[in-house]
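Q: Compute the structure for the input listed below.
(one chain, ligands or ions: 1)
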Amino acid sequence: MPNPARTAPAEPAVDDLAAAPYPGGDPYADYRGADFAFTALPDLADRRLGGAVLAAGDEFFADRENLLKPDPAEFRPHTFTAKGQLMDGWETRRRRGRTTGAPHPGPDDHDWALIRLGVPGTVRGVLVDTAHFRGNHPLAVSVEATELPGTPGPEDLDAADWHPLVPRSPVRGHAANGYPVTDPRRVTHLRIRQYPDGGIARLRVHGEPRPDRAWLTALGTFDLAALAHGGTVEDASDRFFSSPVNLIMPGTSRVMGEGWETRRRRDRGADWVRLRLAGRGLIRAVEIDTANYLGNAAGWAGLRGRDGEDGAWFDLLPLTRLQPDTLHRLPLDRPRPATHVRLDVLPDGGIARLRLHGSLL
Ligand SMILES: NC(=O)NC(NC(N)=O)C(=O)[O-]
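A: Numbers count the residues shown, from 1 in each chain. Got it, this is the predicted structure:
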(Lines give C-alpha, C1' and ligand atoms only; values in the text may rest on other atoms or scores of the structure.)
Protein backbone atom coordinates (compact mmCIF):
# COMPACT_ATOMS: atom_id res chain seq x y z
CA MET A 1 0.00 0.00 0.00
CA PRO A 2 1.49 3.44 -0.88
CA ASN A 3 2.28 5.72 2.02
CA PRO A 4 -0.41 8.43 1.75
CA ALA A 5 1.87 10.99 3.37
CA ARG A 6 4.17 10.73 0.36
CA THR A 7 1.51 11.12 -2.31
CA ALA A 8 0.79 14.83 -2.50
CA PRO A 9 -1.48 15.37 -5.52
CA ALA A 10 -1.51 19.02 -6.63
CA GLU A 11 -5.05 20.37 -6.96
CA PRO A 12 -4.92 23.66 -8.85
CA ALA A 13 -8.58 24.46 -8.18
CA VAL A 14 -7.89 24.40 -4.44
CA ASP A 15 -4.78 26.56 -4.85
CA ASP A 16 -6.92 29.20 -6.58
CA LEU A 17 -9.09 29.37 -3.47
CA ALA A 18 -6.16 29.70 -1.08
CA ALA A 19 -5.01 32.94 0.52
CA ALA A 20 -1.39 34.01 0.99
CA PRO A 21 0.05 33.60 4.50
CA TYR A 22 -0.50 36.54 6.82
CA PRO A 23 1.93 39.21 5.60
CA GLY A 24 1.99 41.36 8.77
CA GLY A 25 0.95 45.00 9.07
CA ASP A 26 -2.68 45.74 8.22
CA PRO A 27 -4.56 42.42 8.59
CA TYR A 28 -7.11 43.56 5.98
CA ALA A 29 -4.49 44.78 3.44
CA ASP A 30 -4.85 41.76 1.13
CA TYR A 31 -8.49 40.97 1.95
CA ARG A 32 -10.45 40.08 -1.18
CA GLY A 33 -13.62 42.14 -0.95
CA ALA A 34 -16.32 42.19 -3.60
CA ASP A 35 -19.40 44.19 -4.56
CA PHE A 36 -22.66 42.26 -4.48
CA ALA A 37 -25.89 44.12 -5.28
CA PHE A 38 -27.78 42.09 -2.65
CA THR A 39 -25.72 43.60 0.19
CA ALA A 40 -27.82 46.78 -0.18
CA LEU A 41 -30.65 44.77 1.44
CA PRO A 42 -30.71 44.36 5.23
CA ASP A 43 -29.00 41.44 6.97
CA LEU A 44 -31.91 39.34 8.22
CA ALA A 45 -29.59 37.35 10.51
CA ASP A 46 -28.27 40.48 12.26
CA ARG A 47 -27.65 39.79 15.93
CA ARG A 48 -29.21 43.15 16.78
CA LEU A 49 -32.50 41.97 15.23
CA GLY A 50 -32.45 38.71 17.21
CA GLY A 51 -30.49 36.48 14.83
CA ALA A 52 -28.68 33.61 16.56
CA VAL A 53 -26.57 30.55 15.83
CA LEU A 54 -28.63 27.95 17.67
CA ALA A 55 -26.23 25.03 17.38
CA ALA A 56 -23.14 23.77 15.59
CA GLY A 57 -21.71 20.28 15.19
CA ASP A 58 -18.25 21.45 16.24
CA GLU A 59 -16.69 24.74 17.37
CA PHE A 60 -13.36 23.54 18.70
CA PHE A 61 -11.19 26.53 17.73
CA ALA A 62 -13.69 29.41 17.72
CA ASP A 63 -17.28 29.96 18.89
CA ARG A 64 -20.23 29.82 16.52
CA GLU A 65 -21.71 33.03 18.01
CA ASN A 66 -18.94 35.06 16.33
CA LEU A 67 -20.59 34.40 12.95
CA LEU A 68 -23.31 37.01 13.50
CA LYS A 69 -21.33 39.75 15.26
CA PRO A 70 -22.13 43.03 13.47
CA ASP A 71 -18.57 44.37 13.31
CA PRO A 72 -15.85 43.20 10.91
CA ALA A 73 -13.71 40.33 12.22
CA GLU A 74 -10.54 41.20 14.13
CA PHE A 75 -7.21 39.40 13.97
CA ARG A 76 -4.25 39.54 16.34
CA PRO A 77 -1.47 37.28 14.99
CA HIS A 78 0.41 35.03 17.44
CA THR A 79 -2.34 35.21 20.05
CA PHE A 80 -2.73 31.68 21.32
CA THR A 81 -5.29 30.22 23.70
CA ALA A 82 -4.85 26.72 25.13
CA LYS A 83 -6.55 25.42 21.95
CA GLY A 84 -4.76 27.40 19.25
CA GLN A 85 -4.66 30.74 17.46
CA LEU A 86 -7.46 33.01 18.68
CA MET A 87 -9.86 33.44 15.75
CA ASP A 88 -12.83 35.83 15.46
CA GLY A 89 -15.28 33.53 13.68
CA TRP A 90 -16.64 29.97 13.77
CA GLU A 91 -13.82 27.47 13.41
CA THR A 92 -13.99 23.69 13.68
CA ARG A 93 -11.22 21.14 14.24
CA ARG A 94 -9.50 19.39 11.33
CA ARG A 95 -11.41 16.35 10.07
CA ARG A 96 -9.57 13.10 9.65
CA GLY A 97 -10.21 9.94 7.66
CA ARG A 98 -11.01 6.73 9.46
CA THR A 99 -7.98 4.54 8.67
CA THR A 100 -4.27 4.78 7.99
CA GLY A 101 -5.00 3.88 4.39
CA ALA A 102 -7.58 6.68 4.10
CA PRO A 103 -6.37 9.51 6.35
CA HIS A 104 -8.18 12.31 4.51
CA PRO A 105 -11.79 13.36 5.14
CA GLY A 106 -14.43 11.79 2.88
CA PRO A 107 -15.90 13.78 -0.05
CA ASP A 108 -19.12 14.60 1.83
CA ASP A 109 -17.64 15.15 5.29
CA HIS A 110 -18.64 18.57 6.62
CA ASP A 111 -19.41 20.69 9.67
CA TRP A 112 -22.76 22.43 10.16
CA ALA A 113 -24.40 25.27 12.05
CA LEU A 114 -28.08 26.20 12.51
CA ILE A 115 -29.06 29.87 12.24
CA ARG A 116 -32.27 31.59 13.33
CA LEU A 117 -32.99 34.75 11.36
CA GLY A 118 -33.71 37.87 13.42
CA VAL A 119 -36.52 38.68 10.99
CA PRO A 120 -37.99 36.03 8.68
CA GLY A 121 -37.90 36.93 5.00
CA THR A 122 -36.98 36.18 1.42
CA VAL A 123 -33.22 35.72 1.12
CA ARG A 124 -31.62 37.40 -1.91
CA GLY A 125 -27.99 36.62 -1.15
CA VAL A 126 -25.65 35.07 1.40
CA LEU A 127 -22.20 36.45 2.23
CA VAL A 128 -19.69 34.01 3.68
CA ASP A 129 -16.83 36.16 4.95
CA THR A 130 -13.59 34.24 5.62
CA ALA A 131 -11.64 37.30 6.82
CA HIS A 132 -8.32 36.16 8.39
CA PHE A 133 -9.01 32.49 7.67
CA ARG A 134 -6.16 31.63 5.35
CA GLY A 135 -4.87 28.07 5.36
CA ASN A 136 -7.80 27.12 7.59
CA HIS A 137 -10.84 28.23 5.55
CA PRO A 138 -13.29 25.62 4.19
CA LEU A 139 -13.08 24.33 0.66
CA ALA A 140 -16.80 24.81 -0.01
CA VAL A 141 -20.09 25.80 1.64
CA SER A 142 -23.77 25.11 1.07
CA VAL A 143 -26.81 26.78 2.65
CA GLU A 144 -30.29 25.35 3.14
CA ALA A 145 -33.41 27.00 4.54
CA THR A 146 -36.70 26.19 6.21
CA GLU A 147 -39.76 28.02 7.51
CA LEU A 148 -41.08 27.04 10.92
CA PRO A 149 -43.68 28.77 13.13
CA GLY A 150 -43.04 29.79 16.74
CA THR A 151 -39.71 29.36 18.48
CA PRO A 152 -38.31 25.94 17.54
CA GLY A 153 -35.16 24.58 19.19
CA PRO A 154 -32.28 22.72 17.52
CA GLU A 155 -34.02 19.34 17.93
CA ASP A 156 -37.12 20.61 16.04
CA LEU A 157 -34.86 21.86 13.26
CA ASP A 158 -33.30 18.42 12.83
CA ALA A 159 -36.66 17.11 11.68
CA ALA A 160 -37.50 20.15 9.52
CA ASP A 161 -38.02 20.11 5.79
CA TRP A 162 -34.94 21.87 4.34
CA HIS A 163 -34.61 23.21 0.81
CA PRO A 164 -31.39 24.42 -0.86
CA LEU A 165 -30.61 28.15 -1.06
CA VAL A 166 -26.93 27.99 -2.05
CA PRO A 167 -25.69 24.77 -3.67
CA ARG A 168 -22.29 23.45 -2.57
CA SER A 169 -19.97 26.19 -3.84
CA PRO A 170 -16.23 26.96 -3.61
CA VAL A 171 -14.97 29.34 -0.90
CA ARG A 172 -11.91 31.60 -1.05
CA GLY A 173 -9.76 32.25 2.00
CA HIS A 174 -9.56 35.76 3.56
CA ALA A 175 -12.32 36.96 1.23
CA ALA A 176 -15.95 38.09 0.97
CA ASN A 177 -17.64 35.12 -0.75
CA GLY A 178 -21.05 36.17 -2.11
CA TYR A 179 -23.77 33.80 -3.31
CA PRO A 180 -26.92 35.31 -4.89
CA VAL A 181 -30.15 33.46 -4.06
CA THR A 182 -33.21 33.20 -6.34
CA ASP A 183 -35.59 31.06 -4.23
CA PRO A 184 -38.49 33.41 -3.31
CA ARG A 185 -39.80 31.41 -0.34
CA ARG A 186 -40.13 33.00 3.13
CA VAL A 187 -37.67 31.40 5.56
CA THR A 188 -37.05 31.54 9.31
CA HIS A 189 -33.95 29.32 9.76
CA LEU A 190 -30.82 28.37 7.80
CA ARG A 191 -28.38 25.49 7.92
CA ILE A 192 -24.85 26.22 6.70
CA ARG A 193 -22.46 23.39 5.95
CA GLN A 194 -18.72 23.84 5.45
CA TYR A 195 -16.79 21.11 3.58
CA PRO A 196 -14.80 19.42 4.96
CA ASP A 197 -14.06 21.70 7.97
CA GLY A 198 -12.46 25.09 8.70
CA GLY A 199 -13.30 28.61 9.73
CA ILE A 200 -15.77 31.31 8.65
CA ALA A 201 -15.52 34.78 10.18
CA ARG A 202 -18.97 36.21 9.48
CA LEU A 203 -22.24 35.16 7.87
CA ARG A 204 -24.59 37.78 6.38
CA VAL A 205 -28.03 36.84 5.07
CA HIS A 206 -29.33 39.70 2.94
CA GLY A 207 -32.96 39.86 1.92
CA GLU A 208 -36.43 41.32 2.24
CA PRO A 209 -37.98 41.17 5.73
CA ARG A 210 -41.37 39.38 5.93
CA PRO A 211 -42.39 39.28 9.59
CA ASP A 212 -45.46 37.44 10.88
CA ARG A 213 -48.45 39.47 9.71
CA ALA A 214 -50.76 37.93 12.34
CA TRP A 215 -48.43 39.21 15.08
CA LEU A 216 -48.46 42.76 13.68
CA THR A 217 -52.24 42.70 13.49
CA ALA A 218 -52.40 41.51 17.11
CA LEU A 219 -50.08 44.35 18.15
CA GLY A 220 -52.43 46.93 16.63
CA THR A 221 -50.30 50.05 16.96
CA PHE A 222 -46.60 49.56 16.22
CA ASP A 223 -43.65 51.22 14.49
CA LEU A 224 -44.46 50.90 10.78
CA ALA A 225 -40.89 51.87 9.82
CA ALA A 226 -39.04 49.32 11.99
CA LEU A 227 -36.98 46.73 10.15
CA ALA A 228 -38.17 44.16 12.70
CA HIS A 229 -41.74 44.84 11.49
CA GLY A 230 -40.88 44.73 7.79
CA GLY A 231 -39.99 48.38 7.12
CA THR A 232 -37.18 48.91 4.57
CA VAL A 233 -34.87 51.70 3.49
CA GLU A 234 -35.37 51.95 -0.28
CA ASP A 235 -32.86 54.71 -0.98
CA ALA A 236 -31.01 57.60 0.64
CA SER A 237 -29.03 60.66 -0.43
CA ASP A 238 -25.91 59.79 1.56
CA ARG A 239 -24.25 56.77 3.15
CA PHE A 240 -20.87 58.41 3.82
CA PHE A 241 -20.41 57.93 7.58
CA SER A 242 -23.03 55.29 8.39
CA SER A 243 -25.94 53.34 6.95
CA PRO A 244 -29.46 54.82 6.82
CA VAL A 245 -30.73 51.35 7.84
CA ASN A 246 -29.56 52.29 11.36
CA LEU A 247 -32.58 54.65 11.53
CA ILE A 248 -34.94 51.67 11.75
CA MET A 249 -32.87 49.30 13.89
CA PRO A 250 -34.19 48.17 17.31
CA GLY A 251 -33.38 50.01 20.53
CA THR A 252 -31.55 53.27 20.98
CA SER A 253 -28.14 54.12 19.55
CA ARG A 254 -25.22 53.93 21.97
CA VAL A 255 -22.72 55.98 19.92
CA MET A 256 -22.78 58.30 16.92
CA GLY A 257 -21.82 55.46 14.57
CA GLU A 258 -25.03 53.58 15.36
CA GLY A 259 -27.23 56.25 13.76
CA TRP A 260 -27.42 57.77 10.26
CA GLU A 261 -24.91 60.59 9.75
CA THR A 262 -24.47 62.34 6.42
CA ARG A 263 -21.37 64.25 5.32
CA ARG A 264 -21.15 68.05 5.59
CA ARG A 265 -23.07 69.57 2.67
CA ARG A 266 -21.24 72.31 0.77
CA ASP A 267 -24.22 73.12 -1.46
CA ARG A 268 -27.76 74.44 -0.78
CA GLY A 269 -29.37 70.97 -0.96
CA ALA A 270 -30.83 68.61 1.63
CA ASP A 271 -30.41 64.99 2.62
CA TRP A 272 -33.23 62.46 2.49
CA VAL A 273 -34.10 58.84 3.03
CA ARG A 274 -37.03 56.98 1.47
CA LEU A 275 -38.68 54.16 3.42
CA ARG A 276 -41.19 51.50 2.48
CA LEU A 277 -43.47 50.88 5.46
CA ALA A 278 -44.33 47.45 6.90
CA GLY A 279 -47.62 47.80 5.00
CA ARG A 280 -50.23 50.37 4.01
CA GLY A 281 -51.01 52.15 7.24
CA LEU A 282 -51.94 55.25 9.19
CA ILE A 283 -49.12 56.99 11.09
CA ARG A 284 -50.26 58.81 14.23
CA ALA A 285 -47.08 59.51 16.20
CA VAL A 286 -43.50 60.16 15.08
CA GLU A 287 -40.26 59.93 17.03
CA ILE A 288 -37.11 61.58 15.69
CA ASP A 289 -34.11 60.89 17.88
CA THR A 290 -30.84 62.81 17.45
CA ALA A 291 -29.13 60.86 20.27
CA ASN A 292 -25.32 61.17 20.31
CA TYR A 293 -25.29 63.90 17.62
CA LEU A 294 -24.12 67.07 19.35
CA GLY A 295 -22.10 69.26 16.98
CA ASN A 296 -23.53 67.46 13.96
CA ALA A 297 -27.24 66.84 14.61
CA ALA A 298 -29.63 67.42 11.71
CA GLY A 299 -30.93 71.03 11.84
CA TRP A 300 -34.51 70.48 10.63
CA ALA A 301 -36.50 67.43 9.60
CA GLY A 302 -39.79 66.97 7.75
CA LEU A 303 -41.80 63.99 6.56
CA ARG A 304 -43.76 63.31 3.42
CA GLY A 305 -45.93 60.30 2.63
CA ARG A 306 -47.02 58.47 -0.49
CA ASP A 307 -49.88 56.00 -0.95
CA GLY A 308 -48.74 53.37 -3.48
CA GLU A 309 -45.70 53.11 -5.76
CA ASP A 310 -47.01 55.84 -8.08
CA GLY A 311 -48.85 58.00 -5.53
CA ALA A 312 -48.07 61.73 -5.23
CA TRP A 313 -46.06 62.87 -2.20
CA PHE A 314 -48.04 64.75 0.46
CA ASP A 315 -46.93 66.47 3.68
CA LEU A 316 -47.07 64.44 6.90
CA LEU A 317 -44.89 66.59 9.15
CA PRO A 318 -43.79 70.14 8.28
CA LEU A 319 -40.10 71.02 8.61
CA THR A 320 -39.43 70.96 12.33
CA ARG A 321 -36.43 72.41 14.19
CA LEU A 322 -34.41 69.66 15.89
CA GLN A 323 -32.33 69.81 19.07
CA PRO A 324 -29.04 67.95 19.37
CA ASP A 325 -28.98 64.68 21.32
CA THR A 326 -32.76 64.77 21.89
CA LEU A 327 -35.75 62.50 21.41
CA HIS A 328 -38.49 64.52 19.65
CA ARG A 329 -42.06 63.22 20.11
CA LEU A 330 -44.31 64.55 17.35
CA PRO A 331 -48.01 63.61 17.13
CA LEU A 332 -49.51 63.88 13.63
CA ASP A 333 -52.78 65.84 13.52
CA ARG A 334 -54.21 64.43 10.30
CA PRO A 335 -53.02 60.88 9.57
CA ARG A 336 -53.34 59.81 5.91
CA PRO A 337 -52.93 56.31 4.45
CA ALA A 338 -49.32 55.75 3.31
CA THR A 339 -47.14 52.97 2.00
CA HIS A 340 -43.92 55.02 1.78
CA VAL A 341 -42.41 57.85 3.81
CA ARG A 342 -39.64 60.24 2.92
CA LEU A 343 -37.58 61.92 5.65
CA ASP A 344 -36.00 65.23 4.58
CA VAL A 345 -33.04 66.50 6.59
CA LEU A 346 -31.82 70.09 6.36
CA PRO A 347 -29.17 70.94 5.65
CA ASP A 348 -27.34 67.71 6.61
CA GLY A 349 -26.25 65.89 9.80
CA GLY A 350 -27.17 63.01 12.02
CA ILE A 351 -30.37 61.31 13.10
CA ALA A 352 -30.14 58.19 15.26
CA ARG A 353 -33.64 56.73 15.00
CA LEU A 354 -36.94 57.37 13.19
CA ARG A 355 -40.06 55.73 14.61
CA LEU A 356 -43.41 55.93 12.77
CA HIS A 357 -46.07 54.61 15.13
CA GLY A 358 -49.42 53.68 13.61
CA SER A 359 -51.49 50.75 12.44
CA LEU A 360 -52.08 48.74 9.28
CA LEU A 361 -55.15 49.41 7.16
N1 LIG B 1 -2.76 28.48 12.82
C2 LIG B 1 -4.01 28.03 12.89
O3 LIG B 1 -4.91 28.79 12.70
N4 LIG B 1 -4.22 26.69 13.16
C5 LIG B 1 -5.43 26.03 13.44
N6 LIG B 1 -6.44 26.90 13.89
C7 LIG B 1 -6.35 27.63 15.05
N8 LIG B 1 -7.33 28.49 15.35
O9 LIG B 1 -5.40 27.50 15.79
C10 LIG B 1 -5.90 25.22 12.23
O11 LIG B 1 -6.83 24.46 12.35
O12 LIG B 1 -5.37 25.38 11.16
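Q: What parts of the protein come near the ligand?
A: 61, 84, 85, 87, 91, 94, 136 (Cβ under 6 Å from any ligand atom). For the C-beta atoms, the positions are set from N, CA and C on the backbone; glycine is no exception.
Q: and the spatially closest residue to residue 36 that is not a sequence neighbour, how many neighbours?
A: Counting by Cβ to Cβ, 6 or more residues apart in numbering, residue 178 is the residue found nearest to residue 36 once chain neighbours are left out, at 3.8 Å. Residue 178: 20 surrounding residues under other Cβ atoms under 10 Å.
Q: partner strands of the helix or strand where residue 178 lies, parallel or antiparallel?
A: Using DSSP states H and E, residue 178 sits within strand 176-180. Applying DSSP bridges to the sheet, strand 176-180 is found paired with strand 111-129 (antiparallel).
Q: Please enumerate residues in contact with the following helix or strand past the partner strand?
A: Using DSSP H and E, the helix or strand that follows strand 111-129 in sequence is strand 140-146. Here strand 140-146 makes contact (Cβ atoms under 8 Å, 6 or more residues apart in numbering) with 123, 126, 128, 157, 160-171, 177, 179, 183, 185, 187-195, 200.
Q: What residue in the stretch 201-350 of the chain comes nearest to the ligand?
A: Nearest residue of the stretch 201-350 of the chain to the ligand: residue 201, at 11.9 Å (Cβ to the nearest ligand atom).
Q: for the chain, same thing?
A: Counting by Cβ to the nearest ligand atom, the chain gets nearest the ligand through residue 84, at 2.4 Å.
Q: quick one: contacts for the closest residue to that residue other than its chain neighbours?
A: Leaving aside its chain neighbours, residue 84 sits nearest to residue 61 (5.3 Å; criterion: Cβ to Cβ, 6+ apart). Going by Cβ under 8 Å, 6+ apart, residue 61 touches 83, 84, 85, 87, 91, 92, 93, 136, 199.
Q: which phi and psi does the closest residue to the fifth one other than its chain neighbours have?
A: Spatially, and ignoring its direct neighbours in sequence, residue 91 is nearest to residue 199 (3.3 Å; Cβ to Cβ, 6+ apart). Per-residue torsions, residue 199: phi -130, psi 140 (degrees, to the nearest 10).
Q: again with the one 5 residues further on
A: Backbone torsions for residue 204, taken as degrees, to the nearest 10, come to phi -120, psi 130.
Q: hang on, it packs against residue 126?
A: Yes: with contacts counted by Cβ atoms under 8 Å, residue 204 reaches residue 126, the gap being 7.1 Å.
Q: Domain-wise, how is the protein divided?
A: The chain is divided into the following domains under automatic domain parsing: 4-209, 213-360.
Q: just how off-centre is the shortest one within its chain?
A: Spelled out, it's domain 213-360. How far domain 213-360 lies from its chain's middle: 20 Å, per Cα atoms, centre = their mean, to the nearest Å.
Q: and what of the first one?
A: On the basis of Cα atoms, centre = their mean, domain 4-209 sits 14 Å off its chain's mean C-alpha point.
Q: can you tell me the average pLDDT over it?
A: Domain 4-209 carries an average pLDDT of 94.
Q: Over to the last one?
A: For domain 213-360, the mean pLDDT works out to 97.
Q: The stretch 51-200 of the chain: strands as residue ranges?
A: 52-56, 90-91, 111-129, 140-146, 163-170, 176-180, 186-195, 199-200 (DSSP state E, counting those that start in this stretch).
Q: who wins for proximity to residue 236 among those?
A: strand 111-129 (18.8 Å; Cβ to Cβ).
Q: any idea of the angle the closest one forms with strand 186-195?
A: For strand 111-129 against strand 186-195, the angle by axes from the mean of the first three to the mean of the last three Cα atoms, to 10 degrees is 100 degrees.
Q: Going forward, the N-terminal residue is numbered 367.
A: Will do, 367 is the new start, and the previous item becomes strand 477-495.
Q: Mind listing what's buried along strand 477-495?
A: By 16 or more other Cβ atoms under 10 Å, the buried positions in strand 477-495 come out as 477, 479-495.
Q: just stretch 418-438 next, same as before
A: Going by neighbour count (16+ other Cβ under 10 Å), the buried part of stretch 418-438 is 418, 419, 421, 422, 425, 427, 428, 430, 432, 433, 434.
Q: unless I'm mixing things up, the fifth one is touching residue 457, no?
A: Yes: using Cβ under 8 Å, residue 425 makes contact with residue 457 at a distance of 7.3 Å.
Q: any idea whether residue 611 is helix, strand or coil?
A: The three-state label given to residue 611 by DSSP: H, G, I helix; E, B strand; the rest coil is helix.
Q: For it, give me its contacts.
A: 408, 593, 599.
Q: go with 6 Å
A: 408, 599 (Cβ atoms under 6 Å, 6 or more residues apart in numbering).
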